[in-house]
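*Asks:* mind folding the following:
(2 chains)
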Amino acid sequence: METDRIAARFEVPDTRYLDPTGRLVRPLPAGSQGKATLLALYSAMVRARSFDAKAGSLQRTGRLGTYASSLGQEAVAVGTASAMRQDDIFIPSFREHGAQLWRGATPVELLLYWGGDERGNVFANTPFDFPNCVPVGSQVPHAAGVALAIQLRKEPRAVVCCLGDGATSKGDVYEAMNFAGVWKLPVIFVICNNQWAISVPLHRQTATQTLAQKSIAAGIPGEQVDGNDVIAVRAVVGAALEQARTGQGAHVIEAMTYRLGDHTTSDDASRYRDDADVTQHWQAEPIKRLHQYLTDAGLWSRSDEDALLHQINAEIDAAAEAYLAVPRPDPSTIFDFTYAELPADLLAQKHAALDGASSLPEREAAE
Amino acid sequence: MTETTMVQAINMALARAMAEDDRVLVLGEDVGIDGGVFRATDGLIKRFGADRVRDTPLSEAGIGGIAVGLAVAGFKPVAEIQFTGFIYPVIDQIINHATRFRTRTRGHATCPMIVRAPCGGGIHAPEHHSESPEAMFAHIPGLRVIIPSSPRRAYGLLLAAIRGDDPVVFMEPARLYRSTREQMTDDGEALPVDRCFVLHEGRDVTLVAWGAMVPEALKTASAWEAKGVSAEVIDVATLKPLDSETIVNSVRKTGRCIVVHEAPLTGGFGGEIVARVVEGAFTSLLAPIERVTGFDTVMPLPRLEEFYLPNVSRIGSAVDRAMAYS
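*Replies:* The predicted structure follows:
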């Protein structure tokens, strides 16, 4: 059938600085030219991986709950967080430990959460960041709401929300993007495309060429970035944040990466994917890539590496000990924060639970 | 004092809350220039501007999630969902997020948001416009579930809800929006959102109701007074958290209890009231507790809705059956 015209055309750009072998494919961007920055990015990824390893071993020995490792996705978390300012607000899904750690959440706080303690949802250094969000995608509209709050108060801040590839199939995510488009909200949606939603691979999740293009339907720019290239993630998220903070609205950034580990410690990915596929993706993983670049550039040596690993492992080991030493919370706390003030009805339940008293009104219990 | 309908009272409460607290903002579908499909937000956009009275895209789940984000970030959003039949996409945000922020951060983050929605039948509305899902909300920890039954109570309860720091679902019986008027002033006086209201004192039987069933219970009480039966009428008003003390004390006095609600019987909030009465007034009971409710059917379309809705005749029959025990 003939058409009169093309009503609209769109493009989805893709950005990479470091290829999988650690070679620069274009000059380093302005924000990543200093040695200190590159080493900070590298250290943060190594720290995230060390944290994951420790959390995994705590889980296997019965000292942590079910845990979602970020193995292989460190560059998305670290690159994203490194592009943010401290007073920007981070709204994670549940696999962005590297970002939380970069922003100042402590390993003890993160372990407390994964160890089953609500106090791990409170980050002393980043009090406005949101806790993890387990129901997939439902945090994404929160990001639009917080961004609206920022816009209404005319603050030069922005919100960064991380979500997974699976989340992009959910209506909430589109609704949030649509709000962000209509109201030009200062929010960046970072899709951490690790190719797997538990057992469902990307091609069974969506028929679109890219997830970034889902932004187009919401009228906001979308682009891809090599999610295993921390320099690229930092640059692309940083540029989007700059626009968001200056009133130019939202962005969707799809960071292409790969979940090298199981979905969680309760999952066994060998049931649904080939080891060969995983082995192949180890070739493109983010830490090795930057390590190669730093080594080739003469910025990093074996002894630097040893010193870094020693320092990070000591920190994480100490954090694990500190986490294990935190006493169980007082059971009364499950009641005390349900409402702003404890209602009489709930107070009666609290007394019954804690004192072994009957929850029946007094006269009836006595007779 | 002016003659005020419930929808006017709600409008008045919204305006007062917005005037007294900059953090309060109203959002929803058609709440701006149109003033809401029932006109509950009429004129607010003129007075407070489009930033604080926001027309949203048609996006209930999004409205719920945006409200959560706004509330956690320091605002007090009052979201309108056009009808309770369309509120279900918001339930995820209410259950999984709004009601949990305070407890999952041990008080560091809070989520004081209001979701308002017209509810119930009796206005000859299209499909999905006459629902009574209050029991679903009353099952959610951390939520306040409020259903006013008169203009004055709508005003006082909504003000209290907005001034408070908890997430609230505020269900407004659409058939009461314009059916009655009360003399009232915009005096800023809130009503407690943790108490039932004893609207009519009696000795023989306690009628417990909420929302649009309260006027039916009151009519029954006055009709049966002529027959020599003295009925006490309680407006539950705040279903969650429940003030069971007021209800239990009443039944200890009367020995008989009828619970009236428009929602279906099974799993309805009436079951909870019955349980509380049995736990608290077992030795005072003179008759089985009866529930007069909608049926376990889909809410019928307007030609049969009168058949579905509890009315004076059905409530009165239950009173007669209870009075047969002595």
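
*Asks:* now the helices for the stretch 101-250 of chain A?
*Replies:* Applying DSSP state H, counting those that start in this stretch to the stretch 101-250 of chain A gives helices spanning A:107-114, A:140-152, A:171-182, A:202-205, A:230-245.

*Asks:* which positions in the stretch 151-300 of chain B make contact with chain A?
*Replies:* Contact residues, the stretch 151-300 of chain B versus chain A (C-beta under 8 Å from any C-beta of the partner chain): B:164-166, B:194, B:241-245, B:248, B:252, B:279-283. In this view, the C-beta of every residue, glycine as well, is placed from N, C-alpha and C.

*Asks:* just give the number of residues close to B:Ser313.
*Replies:* 11 (other C-beta atoms under 10 Å in any protein chain shown).

*Asks:* that one: what secondary structure?
*Replies:* Following DSSP: H, G, I helix; E, B strand; the rest coil, we place B:Ser313 in the helix state.

*Asks:* quick one: contacts for it?
*Replies:* By C-beta atoms under 8 Å, 6 or more residues apart in numbering or on different chains, the contact list for B:Ser313 is empty.

*Asks:* about what we covered before: from the residues of the stretch 151-300 of chain B next to chain A, keep the buried residues only.
*Replies:* Buried members of these, counted by 16 or more other C-beta atoms under 10 Å in any protein chain shown: B:164, B:166, B:194, B:241-245, B:248, B:252, B:279-282.

*Asks:* JSON lines for those, including pLDDT?
*Replies:* Output for those, formatted as JSON lines (pLDDT from 0 to 100):
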{"residue": "B:Gly164", "pLDDT": "98"}
{"residue": "B:Asp166", "pLDDT": "98"}
{"residue": "B:Asp194", "pLDDT": "94"}
{"residue": "B:Pro241", "pLDDT": "97"}
{"residue": "B:Leu242", "pLDDT": "97"}
{"residue": "B:Asp243", "pLDDT": "97"}
{"residue": "B:Ser244", "pLDDT": "96"}
{"residue": "B:Glu245", "pLDDT": "96"}
{"residue": "B:Val248", "pLDDT": "98"}
{"residue": "B:Arg252", "pLDDT": "98"}
{"residue": "B:Glu279", "pLDDT": "96"}
{"residue": "B:Gly280", "pLDDT": "96"}
{"residue": "B:Ala281", "pLDDT": "97"}
{"residue": "B:Phe282", "pLDDT": "97"}
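
*Asks:* which of those residues lies closest to A:Ser266?
*Replies:* Distance to A:Ser266 across those (C-beta to C-beta) is lowest for B:Asp166, with 34.0 Å.

*Asks:* how about the closest one, secondary structure?
*Replies:* Reducing the assignment at B:Asp166 to three states with three-state DSSP gives coil.

*Asks:* contact partners for it?
*Replies:* Contacts here follow C-beta under 8 Å, 6+ apart; on that basis B:Asp166 touches A:339-340, B:102, B:112, B:142-144.

*Asks:* how about a cut-off of 10 Å?
*Replies:* B:Asp166 sits next to A:338-341, A:343, B:98-99, B:102, B:110-114, B:142-144, B:193, B:241 when contact means C-beta atoms under 10 Å, 6 or more residues apart in numbering or on different chains.

*Asks:* could you report the neighbour count for B:His128?
*Replies:* Close neighbours of B:His128, defined as other C-beta under 10 Å, add up to 13.

*Asks:* check contacts around it.
*Replies:* B:His128 sits next to B:83-86, B:88, B:298-299 when contact means C-beta under 10 Å, 6+ apart.

*Asks:* sorry, back to before: highest average neighbour count across the helices of the stretch 101-250 of chain A?
*Replies:* Of all the helices of the stretch 101-250 of chain A, helix A:140-152 has the most neighbours on average by mean count of other C-beta atoms under 10 Å in any protein chain shown, namely a mean of 28.

*Asks:* minimum distance to chain B: which of the helices of the stretch 101-250 of chain A has it?
*Replies:* Closest to chain B of the helices of the stretch 101-250 of chain A, according to C-beta to the nearest C-beta: helix A:140-152, at 1.9 Å.

*Asks:* ok, back up a step: just the contacts of B:Asp166: which are in helices?
*Replies:* Using DSSP state H, the subset of the contacts of B:Asp166 located in helices is B:Arg102.

*Asks:* got a quick PyMOL command for the buried subset of the contacts of B:Asp166?
*Replies:* One line in PyMOL is enough to select the buried members of those, burial here meaning 16+ other C-beta under 10 Å:
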select buried, (chain A and resi 338+339+343) or (chain B and resi 98+99+102+110+111+112+113+114+142+143+144+193+241)
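
*Asks:* check which helix or strand covers B:Glu3.
*Replies:* Element membership for B:Glu3, per DSSP states H and E: strand B:2-4.

*Asks:* format the buried ones among the residues of the stretch 151-300 of chain B next to chain A as TSV; extra columns: distance to A:Gln33.
*Replies:* As requested, these are exported to TSV (distance: C-beta to C-beta, whole Å):
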residue	distance to A:Gln33
B:Gly164	52
B:Asp166	50
B:Asp194	60
B:Pro241	58
B:Leu242	63
B:Asp243	65
B:Ser244	67
B:Glu245	69
B:Val248	73
B:Arg252	79
B:Glu279	71
B:Gly280	73
B:Ala281	77
B:Phe282	78
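
*Asks:* specify the residue ranges that define each domain of chain B.
*Replies:* Per the record, chain B has its domains at B:2-184, B:197-323, by automatic domain parsing.

*Asks:* now do the end-to-end distance for the first one.
*Replies:* Taking C-alpha to C-alpha, to the nearest Å as the measure, domain B:2-184 stretches 6 Å from start to finish.

*Asks:* and it, how far out from the chain middle?
*Replies:* Mean-position distance between domain B:2-184 and its chain equals 11 Å (C-alpha atoms, centre = their mean, to the nearest Å).

*Asks:* where do the strands sit along the stretch 201-326 of chain B?
*Replies:* For the stretch 201-326 of chain B, the strands defined by DSSP state E, counting those that start in this stretch cover B:205-209, B:231-235, B:238-240, B:257-261, B:290-293.

*Asks:* ranking the ones you listed by burial, who's on top?
*Replies:* strand B:205-209 (a mean of 30).
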